[in-house]
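Q: coordinates only, no sequence provided:
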C-alpha cells in the first residue's frame, strides 16, 4: 500500500512540474541575455569607466594648478620704524639755528619735536585674499609616466572585461546544457519508471498464474521503488540547474532549452587553438600589460634623479590693513633638485627594474600554463567525441537485449532480475550518451575561453560537422 501511495505522489509531482509554464530558450538567446544582464558585465563596465576617469585625472597633471588662498593674522604689536632717537641731534641743530630761522618756522619745528617720531609700516591686525598659479615645466618624465600608466590600466580593464565575458560563456554553457541534460535525464528516468511499473504488473500477473515465484515479484517491486526515487532525484537536479541558469541570466522563470547539445565530427587541430591562445588570451595580454606598467614604473623612479622645474605666480585680490609697501603680485620660476636622500631613490629604482624582470618571468610561466591547459582541454574534448561510436553500439545492443529479456520473462524463461538489469543498463547507456555530448560542449567552451574566443561557440554549433545529440 505504501509503495502505491509513493508511486502516486511521484507521478503527481511529475505532472505538477510538467504543468508549470516553461519559457523556451535557445542558446543564442541565453548568450545575449547573459552578456546584457549579468551583474558581472555591469561591474566590468563600471571598472572601465573608472579607468577612463583616472586617465583624464592624470592628464590634468600637465595643466596649471590654480588656487585661492586667504589669511588673517593678529600680531603682538604694530610694525614701525622708530626715529625718536633722532630728536636730540635734530633739536640741537634747530637750537643752533634759532637766531637764523623765522619765528613761524621755529615754532613749527618745536611742535614737531614734541610728536612721536615712530613711522608705522604695518598694523598689528591684517588679512588678505589672493590667488596662486603653478605651471609644471619639467618633472623628469613623471607626468609622462603617469599618463602612460593610466592608458595601460584602461587596456588592462578592457582585457579583464573580455575575460569576464569569456568566463560567463563557459558558465552559461555549463548551466544551459546542464539543464538540457538534466531534463533529458528526467525523461530517461520517467521511461525507466514506466518500464519498471509495466514489468511489475507483468510479474504480478505471472505470479498469480503460478509461472514465477513470489521472490521474482518482490525483486521487481524493490527496483520499481528505486526507479521512483531516481526519477524524483532527477527532477530535483533539473530544478537546481534551472535556478543556476536563472542566476547566470539574472532572471527568474522556468526555462526549456531548445538548442541541442552537439559533437563535432571535425575540428581544428590543437596547434590552431594554441596559436589562438597565445594571440588572444586575456590573461596573457594582462601579463603583457603589467610588464608595460612595470616599465613605466622604472621611468617614474628614474624621474627622481632629475630636477623639477616649475613656473609660479600669485596676486592678492583683497587686503585688509596690509601696508601699501607690500607688492600686490609676483611671478617667478623654481627649481628643485635632490642631492642625497639616504639612497631612497637608488633602491626604489633598482626595485622597479626587478619588478620588470619578475613580470617577464611570470609571462613565460603563464604561456606554458595556457598551452598545457589547451592540451588538457583538447584531449578531454576529443575523448568524449571518440566515446560516441562505442556508446551508440552499446545502445543498440542494450535495446535489443532488453526486448529479448522481456519476451523471455513473459514466457517464464528468464528471471525478473534479467529484465530489471537490462532496463537499468539501457537507461545507463542513454544517460552516458547525453553526458558525453554535455562534457564535449563544456570542454569546447572552456577551450575557447582559454583561447579568448568564447563567443565563437555559437559558430561551432552551426557548423555542418556539428551532430545534434538529444534524447531519442
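A: Here it is on my side, so go on. Since the model is a prediction, treat every value here as computed from it, not as a measurement. Residues are numbered from 1 along each chain as shown.
Q: distance between the one helix or strand residue 448 maps to and the chain's centre?
A: Per DSSP states H and E: residue 448 is located in helix 416-451. The chain centre lies 33 Å from the centre of helix 416-451; the measure is CA atoms, centre = their mean, to the nearest Å.
Q: likewise for stretch 293-301?
A: Distance of stretch 293-301 from the chain centroid (CA atoms, centre = their mean) equals 25 Å.
Q: quick one: low-confidence ranges for the stretch 101-250 of the chain?
A: Along the stretch 101-250 of the chain, segments meeting pLDDT under 70 span 101, 106.
Q: go again using 80 as the cut-off
A: Across the stretch 101-250 of the chain, residues meeting the criterion (pLDDT under 80) sit at 101-118.
Q: now the stretch 301-450 of the chain
A: Residues of the stretch 301-450 of the chain that meet the criterion pLDDT under 80 lie in 412-414, 416-417.
Q: now the helices: where do they sit in it?
A: For the stretch 301-450 of the chain, the helices defined by DSSP state H, counting those that start in this stretch occupy 344-410, 416-451.
Q: nearest to residue 41, out of these?
A: Evaluated over the helices of the stretch 301-450 of the chain, closeness to residue 41 peaks at helix 416-451, with 15.4 Å, by CB to CB. Any C-beta I mention is one placed from the backbone N, CA and C, and that applies to glycine too.
Q: can you list contacts of the next helix or strand after the closest one?
A: The first helix or strand that comes after helix 416-451 along the chain, using DSSP H and E, is helix 457-461. Residues outside helix 457-461 that contact it (CB atoms under 8 Å, 6 or more residues apart in numbering): 27-28, 31, 169, 173, 259, 262, 264, 267, 444-445, 448, 466.
Q: just checking: what are the partner strands of the helix or strand just after helix 457-461?
A: Next helix or strand after helix 457-461 toward the C-terminus (DSSP H and E): strand 466-469. Strand 466-469 has the following sheet partners, assigned by DSSP bridges: strand 261-264 (antiparallel).
Q: hmm, who's touching the partner strand?
A: 177, 180-181, 384-385, 388, 434, 436-438, 440-441, 444, 460-461, 463, 465-470.
Q: what do you get if the cut-off is 6 Å, keeping everything else the same?
A: 177, 385, 437, 438, 440, 441, 461, 465, 466, 467, 468, 469 (CB atoms under 6 Å, 6 or more residues apart in numbering).
Q: same deal with stretch 191-206?
A: Identification of contacts with stretch 191-206 by CB under 6 Å, 6+ apart yields 212, 216-217, 220, 223-224, 227-228, 231, 416, 419, 423, 427.
Q: give the PyMOL command for selecting the buried subset of these.
A: Selection of buried members from those for PyMOL, criterion 16 or more other CB atoms under 10 Å:
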select buried, resi 212+216+217+220+223+224+227+228+231+416+419+423+427
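Q: pick out the most distant pair among the contacts of stretch 191-206.
A: Using CB to CB, the two most remote members of those are 212 and 231, lying 25.4 Å apart.
Q: in a helix, residue 293, correct?
A: Yes. Under DSSP: H, G, I helix; E, B strand; the rest coil, residue 293 sits within a helix.
Q: for it, list the residues it contacts.
A: 149, 152.
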